[in-house]
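> This is a predicted model, with the sequence first.
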Amino acid sequence: MTVSPSQADRGGRTVDPAVFPLTDGPGAVRAASEWLVAAGRWLEIPPQPLHRLEVCLNELLANVIEHGGARAPSLPVRLDLRSGSAPDPHPADGRASGDALQGEATLTLRDGGTPFDPASHTPAGAPARLADARPGGLGLVMVRQLSDAFSYRRERDQNVVTVRVRWRQPTAGLHGG
Amino acid sequence: MTTASIEHRDLAEDVRIVALSGRLDMLGMETVALRFTSLTAAVPRRIMVDLTGVSFLASIGIRSIIESARALERRGGRMVLLLGDNEAVKATLEATGIGSVIPFAADEGEARHLLAA
């Protein structure tokens, strides 16, 4: 699988977007994961935030397949991935918050399925008993918990979901490096 | 990406380890879901699900674990999830809150202790 760099715009790096038809269902989700991992490694997204992003991608695509309507599997999903920096509101090394940066990766999914705002889904709390544990509905709970920001908009007959993950970037020179 | 697989061994008449490995996404679960259900529905009522070799865990895998744990509980049994140092899978499970109803163990000894409780 090849990942093509798109542009190195100020404040971020991107790769060429990928388009995946979902007709193969589970196979398509796997292929999308493989693209994300390759693209994320090229963008130097660290393993832990990349894994969180991969889980979110899997759950959102599974949602499109299961709930996107009869046409959803035949409509392609477009994925855009970008990495960059954002201000760190809570720097660890005593710097002022305006001076510190944290790494940030943004994944955007566009699909033409039935309008559905996953960000408006209100997750149930943790179950008190196993008998109360709901096997379904976990995917959006996982997206909400594993992402640092998660939003939805409807744009020209497309569902557009944006997921962000953030990580602390090492400070140059702090540890002698 | 690693294909999903499943193995099991019985530690005692009433205790079974079911070890899942690889990617437990939609594609991976097609390979192991039925076998997982049957192995956890069999006579041993104390089941240790070893997830130390799982590289990726999606909600479809967690759903299967919950359904099997609930069926086991109805039969008077118990399930524990063995995670070892698999921080990625642990973080995914913690995101669902499942640890409040299916205990996690860091090693086999702790898992055995939780199963005997």
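Happy to help now that I have it.
> what does chain B put close to chain A?
Proximity of chain B to chain A, by C-beta under 8 Å from any C-beta of the partner chain, involves residues B:1, B:23, B:25-27, B:30, B:56-60, B:62-63, B:66-67, B:69-70, B:73, B:87-88, B:91-92, B:94-98, B:100-102. Any C-beta I mention is one placed from the backbone N, CA and C, and that applies to glycine too.
> Please flag which of these sit within strands.
B:23, B:56-57 (DSSP state E).
> Pull out the buried residues from the residues of chain B next to chain A.
Among these, those classed as buried by 16 or more other C-beta atoms under 10 Å in any protein chain shown are B:23, B:25-27, B:56-60, B:62-63, B:66-67, B:69-70, B:73, B:88, B:91-92, B:95-98, B:100-102.
> Counting residues, name the longest helix you see in chain A.
The longest helix of chain A (DSSP state H) is helix A:47-67.
> on that earlier part again, quick check, nearest of the ones in strands among the residues of chain B next to chain A to residue A:36?
Nearest to residue A:36 among these: residue B:56, at 11.6 Å, using C-beta to C-beta.
> quick one: that closest one and residue B:25 touch, right?
Yes: Residue B:56 is within contact range of residue B:25, at 5.9 Å (criterion: C-beta atoms under 8 Å).
> what touches both of the two?
Both residue B:56 and residue B:25 are in contact with A:33, A:58, where contact means C-beta atoms under 8 Å, 6 or more residues apart in numbering or on different chains.
> Hmm, residue B:101 is touching residue A:129, no?
Yes: Residue B:101 lies in contact with residue A:129 (C-beta under 8 Å); the separation is 6.3 Å.
> and residue 111, what is it in contact with?
Looking at chain A here, since you left the chain open. A:64, A:68, A:72, A:75-78, A:158-159 are the contacts of residue A:111 under C-beta under 8 Å, 6+ apart.
> wait, chain B
Residue B:111 neighbours (C-beta under 8 Å, 6+ apart): B:48, B:80, B:82, B:105.
> Regarding it, what is its secondary structure?
helix (DSSP: H, G, I helix; E, B strand; the rest coil).
> what's the burial count for the residue nearest to it when sequence neighbours are not counted?
With sequence-adjacent residues excluded and distances taken as C-beta to C-beta, 6 or more residues apart in numbering or on different chains, residue B:111 is closest to residue B:105, at 3.7 Å. Applying other C-beta atoms under 10 Å in any protein chain shown, we find 20 other residues in the vicinity of residue B:105.
> Relative to chain A, how far out is residue B:105?
16 Å (C-beta to the nearest C-beta, to the nearest Å).
> Could you tell me the per-residue confidence at that residue?
Reported pLDDT at residue B:105 in the predicted model: 97.
> for it, which residues make a bridge with it?
Counting by DSSP bridges, residue B:105 is bridged to residue B:82.
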